[in-house]
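1. Sharing a sequence plus its predicted fold:
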Amino acid sequence: MVVAAFILSFQIIFKQKKLSDMKTDFINNMTHELKTPIAVTQLNLETLQRRKLEEDKQQKLIANTLQEANRLNALCNNILFTSQLDAGGYKVNFQLINLTDIAETCVDDCKSRFPEREITDAIEENIFIEGDPFLLQMLLNNLLENAIKYAPKNLPIHVTLVKNTS
C-alpha cells in the first residue's frame with residue numbers, strides 16, 4: 001500500500017512539473033513574441049523623434065509602426081482567447097464570412113512582416129463560408145507562420161484559395 005501511494009505521489013508530482021514547465025515555456029515564448037513588435041515600434045518612434053526624414057520615409061515608418069501595433073493587439077487577443085478557451089469561456093461565433101478577405105489580409109500581413117521571403121498567392125474572389133472569423137484568421141496566420149518558419153528559405157511560399165465545386 002505504501003509503495004502504491006509513493007508511485008501515485010510521484011506521478012502527480014511529475015505531471016505537475018510537466019505542466020509547470022509547459023506554462024514556463026508558454027510564458028517565455030509569449031514574452032518573446034510580445035517584445036518584438038514593442039521593440040520595432042519603439043525603434044521607429046525614436047527614429048521619427050530624433051531624425052528629420054523625408055515625408056515618404058516618415059510615412060513608411062508610421063505604417064510599419066501601425067502594423068506592429070496591430071500585431072501586438074492580435075497577440076494580446078490570442079493570449080486572451082487562450083485564457084478564455086482554457087476556462088471554457090469562449091463561445092464560437094458562427095457567421096457567414098468572406099474567407100477571401102481574411103486570406104488576403106493574412107497574406108498581406110505576412111508579406112509585409114517577412115519581406116525577405118517570397119510569398120505568392122492565388123486567392124479566388126468572393127469565397128463565403130460559415131465559420132468563426134477570429135478562429136479562421138488565427139488558423140490562417142498559424143499556417144502561414146509555420147510555412148515561413150519551416151519551409152526551406154530558398155523556396156517561395158505559395159498560398160492558394162479556390163472554391164471547391166464538387
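-> Thanks, I have it.

2. contacts and neighbour counts: CA atoms only from here.
-> Will do.

3. quick one, helices of the chain?
-> Secondary structure of the chain (DSSP state H): helices at 2-50, 55-86, 99-113, 133-150.

4. if you average pLDDT over the longest one, what comes out?
-> Okay, so that is helix 2-50. Mean pLDDT, helix 2-50: 83.

5. and the angle from that helix to helix 55-86?
-> Interaxial angle of helix 2-50 relative to helix 55-86 (axes from the mean of the first three to the mean of the last three CA atoms, to 10 degrees): 160 degrees.

6. how far does helix 2-50 sit from the chain's center?
-> How far helix 2-50 lies from its chain's middle: 16 Å, per CA atoms, centre = their mean, to the nearest Å.

7. Which strands or helices does that helix pack on?
-> With contacts taken as 3 or more CA pairs under 8 Å, 6 or more residues apart in numbering; DSSP states H and E, helix 2-50 sits against helix 55-86.

8. Deepest-packed of the helices of the chain, please.
-> helix 99-113 (a mean of 17; mean count of other CA atoms under 10 Å).

9. just the angle between it and helix 55-86, please?
-> 120 degrees.
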